[in-house]
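A.B. asks: Have a look at this prediction, sequence included:
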Amino acid sequence: MAAPSGAASCEDFAEFQELLRVMRTIDDRIVHELNTTIPTASFVGKVDPGQTCKELYESLMDAHTKRERIIKNCISQTSAVVKTLKEEREKAPEDAALLKQLRKEQTKLKLMQSELNVEEVVNDRSWKVFS
């Protein structure tokens, strides 16, 4: 299962979530992947289960690392935007549009931070199944 490569767009939260959903496909299909990795009795001589299991392990590790990196990168970018907006807000406390934008970015930041918790649950579940 190849995960999409390329930079994640942190501007649009829906796009960010869609990217994570696609990248979590390997975790969603872990039972299927394991079932196709471990050969049946008739295929034992044709497939090296140790090698295919190792490849699945490495692809799972790679997927987890990439997703965590993307989430943390977007949290960092959004935190910087929130900080900038807060500074601008201090200079212009009466600007309603600025306040609205700040609240929007703060909400997006909280949602992205909650994705770290989701990621932890997804990873734990996958490793329990894999083990």
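C.D. replies: That came in fine, so what should we check first?
A.B. asks: Next one: residue 115 from residue 50, what distance?
C.D. replies: 34 Å (C-beta to C-beta, to the nearest Å). Where C-beta positions appear, they are placed from N, C-alpha and C, glycine not excepted.
A.B. asks: and these two? which has more neighbours close in?
C.D. replies: Neighbour count, other C-beta atoms under 10 Å: between residue 115 and residue 50, residue 115 has more, with 21 against 8.
A.B. asks: Tell me which helix or strand the more buried one sits in.
C.D. replies: Assigned by DSSP states H and E, residue 115 falls within helix 96-130.
A.B. asks: Ok, residue 94 next?
C.D. replies: Residue 94 belongs to no helix or strand, assigned by DSSP H and E.
A.B. asks: Give the phi and psi angles for it, as a check.
C.D. replies: Main-chain dihedrals, residue 94, degrees, to the nearest 10: phi -90, psi 0.
A.B. asks: Any idea how many residues pack against it?
C.D. replies: Residue 94: 7 neighbours (other C-beta under 10 Å).
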